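> Could you look at this predicted model? Sequence included:
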Amino acid sequence: MTSHHGNVLLRRHLCQRLSDYYSQPSNKVVGSIDYDFISRIPSGIQSCDAANVSYHQKSESPTRSHGPINFSALWGEWHWRRTYKRVYSEQKGMWLTPCELFTPHYSNILANFVCSSMKNSLNNLRDRRIDSCETFEVVELGGGRGTNANALLNYMKENHRAMYDRLERYTIYDTSPTLHELQREVLISNNNDVRVHADKIKLVNVDLMNIAEGSSPFLTQSNIPTSVIALELLDNLPHDKVGRCMESLDILQAVVIPTNTSDHSSLSSLKSKKSESFVPLNDRLLHNILSMAPGLYAPLVSQGPRWVPTVALGVLLALFDCRPNTSLVFADFDWLPRPDDTLGPALAEPAEGDPLVTDMSGKDHACYLTPPPSSLCDILFPTDFGRLAAFVQRIIDKSPRQFPLSVFSMKQNEFLLKYGHSEVDHTQSWLTGYSPLIHDFANCSVLEVSPQSISKNNRGL
C-alpha cells in the first residue's frame, strides 16, 4: 500500500528490506557447516580443546572425517559450548539453523512427525469414507539450503518406505531467488546429476507476502492430507505494527514516510531519511486478522503499540482454506536477546515484539529504520506461540472439519522428545548425557497442528 503522499505500509517496507537481504548469494544468508574445515581438525579430545571434536563414525574414539557432528563424543556442556563457538565462527553464512547444526537428527524427527500425522489423516479419511485418497503431500515454507528436505526424504525412504511411496509431492515455497536456485541444485539436479528424490520435488519461488495477500497463487484446493513445515521462517516474515488512538480508541496502523529536513543535506541523503507514523487502519489483510481475533493482536491503549505477524497469519488463513486436512509444525524463536551495542538511536516507537536488526558485519541496530537503505540487514522477530496457537484454533473452529485437529504450542525440546527420543539419544554426550539438541536453544518453541485419530486401526499403513 503506497499512498500519493509516499507513505508505505510498514510490512511492505520490511518486505523490501528483507527481499534485498535474501537476494544475496545463498552462502551469505543461511549458514552451512564447513566440512572441509572440519576434516582438518586434529583428532583426539584429550586436550579438551573445542576444536578436537569427532564426527559421524561408528567408532567411539574421535576421528577426522566428513559428516555431521558426532555429539556423543563430546565431554559435556562445556565441550559443546566451545565446539559450537568454533564451528559457528567457521561456518559459511550469517546463521546456523538447528536443522543444519543437528543434521540429520533434527530432520529425522520431523520425518517421524510427518509420517505419524499423515498416517492418521489417511486412516481418518478411509474410516469416514470421505475420500479414496491414498497419497499425501509435504509443503515446506522457506526451504533454506534444502538440507531439511533432503535429510527428511532420506530418512523416510529408509525407515518409512510405505509412507515415502505414498508421498505425492514435496513442495518448497521460498522468497529468496538465490536459495531457490541452491535448492534446485541440491534436490533436483546439478550439472545433469539427477538427485535421488528429484521426482518428488517441486520448487516455487514466490514472495509469501503475496500469498498472504492473495495476489499470488498458493496450493490447489484439495482434501489431500498435507503436512506443512516451517523452520525459522516466522522470525523473517514481514510484520505490521498497530496501536490505538487515545481519543477515539480506533486501531491505527504504522506506515513509513519520507522525512523532509530543513538543513542543506544532499538529495541522496534526503531520500534515505525515513520516519514512522500511525494512520487509521485501512489495510484489508490486517483488518481481517484483527477482526477475526481482536483479543489476540489488537492492543489496549494502555499497552502501547504491538507487532502483528500479518504475513504468517495470512499464509495460515490461505493454507487452511485450500487444504483443510492439514497438519503442521512451525519452529522458531519465542524470545530474542536485546541488541548488543546498537548503531544509532531508535527512530521508531518501541512496541511489544520489537525485532532484532543485524547487518552483515554483525552489528545490531536500534530499530528497523536505523540502517541506511544500502545496508543489508536481517530482521528477526520473536514469535508469541501462545497467541499463534490461539489464532490457528480460531481458524479451525470457524471452518468445517472432516475430522478434528489438535493445536499445541510447546518448547522445541518437548516436540523433539515427543517424536524422536531415539534421535535425541544420538546427540547425548557419552560422559554426562548432555544433549545440545534438547538442553540448548531454550528460546525456541514449536506450533504443532495434528489430526486426532478416529481410526480403530492402521490398516495398510
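Thanks, I have it.
> Buried ones in the host helix or strand of E181, by neighbour count?
Using DSSP states H and E, the secondary-structure element containing E181 is helix 177-187. Residues of helix 177-187 classed as buried: 178-180, 182-184, 186-187 (neighbour count, 16 or more other C-beta atoms under 10 Å). No exception for glycine: its C-beta is placed from N, CA and C like everyone else's.
> Check which helices and strands that helix is in contact with.
Counting by 3 or more C-beta pairs under 8 Å, 6 or more residues apart in numbering; DSSP states H and E, the packing neighbours recorded for helix 177-187 are helix 147-159, strand 167-174, strand 201-205.
> T358: which of those is closest?
Smallest distance to T358 across these (C-beta to C-beta): 20.9 Å, for strand 167-174.
> Where does the prediction get shaky in the chain?
Regions of the chain meeting the criterion pLDDT under 70 cover residues 1-5, 30-67, 91-94, 129-132, 260-272, 455-461.
> Specify the angle between the helix holding E181 and strand 201-205 in degrees.
Using axes from the mean of the first three to the mean of the last three C-alpha atoms, to 10 degrees, the interaxial angle of helix 177-187 with respect to strand 201-205 works out to 170 degrees.
> Can we start the residue count at 389 from this point?
Happy to do that; since the first residue is 389 now, the last one works out to helix 565-575.
> next SSE after helix 565-575?
Proceeding N to C from helix 565-575, the next assigned helix or strand is strand 577-578, under DSSP H and E.
> strands paired with that following strand, and their directions?
As defined by DSSP bridges, the strand partners of strand 577-578 come to strand 581-582 (antiparallel).
> neighbouring contacts of the strand it pairs with?
Surrounding strand 581-582, the residues in contact under the criterion C-beta atoms under 8 Å, 6 or more residues apart in numbering are I576.
> Looking at the helices and strands packed on helix 565-575, which is nearest to S823?
Among the helices and strands packed on helix 565-575, if distance is taken as C-beta to C-beta, the winner is helix 535-547, at 18.2 Å.
> returning to that earlier point: would you turn the helices and strands packed on helix 565-575 into TSV with distance to K507 and mean neighbour count?
Shown next, in TSV, are the helices and strands packed on helix 565-575 (distance: least, C-beta to C-beta, whole Å; neighbours: other C-beta atoms under 10 Å):
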stretch	distance to K507	mean neighbour count
helix 535-547	12	21
strand 555-562	12	21
strand 589-593	22	17
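> any chance of the ones you listed in CSV, plus distance to Y822?
Supplementary listing: those in CSV, determined by distance: least, C-beta to C-beta, whole Å:
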stretch, distance to Y822
helix 535-547, 23
strand 555-562, 33
strand 589-593, 36
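> how about the ones you listed, which one is nearest P733?
Closest approach to P733 among the helices and strands packed on helix 565-575 (C-beta to C-beta): strand 555-562, 34.8 Å.
> circling back: closest one to I599 among the helices and strands packed on helix 565-575?
Between I599 and the helices and strands packed on helix 565-575, the tightest spacing by C-beta to C-beta is seen for strand 555-562, at 7.4 Å.
> Parallel or antiparallel, which strands does that closest one pair with?
In its sheet, strand 555-562 lies beside strand 524-529 (parallel), strand 589-593 (parallel), with partners assigned from DSSP bridges.
> then the first one to PDB, C-alphas only?
Meaning strand 524-529. Taking C-alpha atoms only, strand 524-529 is exported to PDB below (Å, rounded to 0.1, in the frame of the first residue of the first chain):
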ATOM      1  CA  PHE A 524      -0.300 -37.100   0.800                       C
ATOM      2  CA  GLU A 525       1.800 -34.000   0.200                       C
ATOM      3  CA  VAL A 526       4.500 -32.200   2.200                       C
ATOM      4  CA  VAL A 527       5.000 -28.400   2.000                       C
ATOM      5  CA  GLU A 528       8.000 -26.600   3.300                       C
ATOM      6  CA  LEU A 529       7.800 -22.900   3.700                       C
END
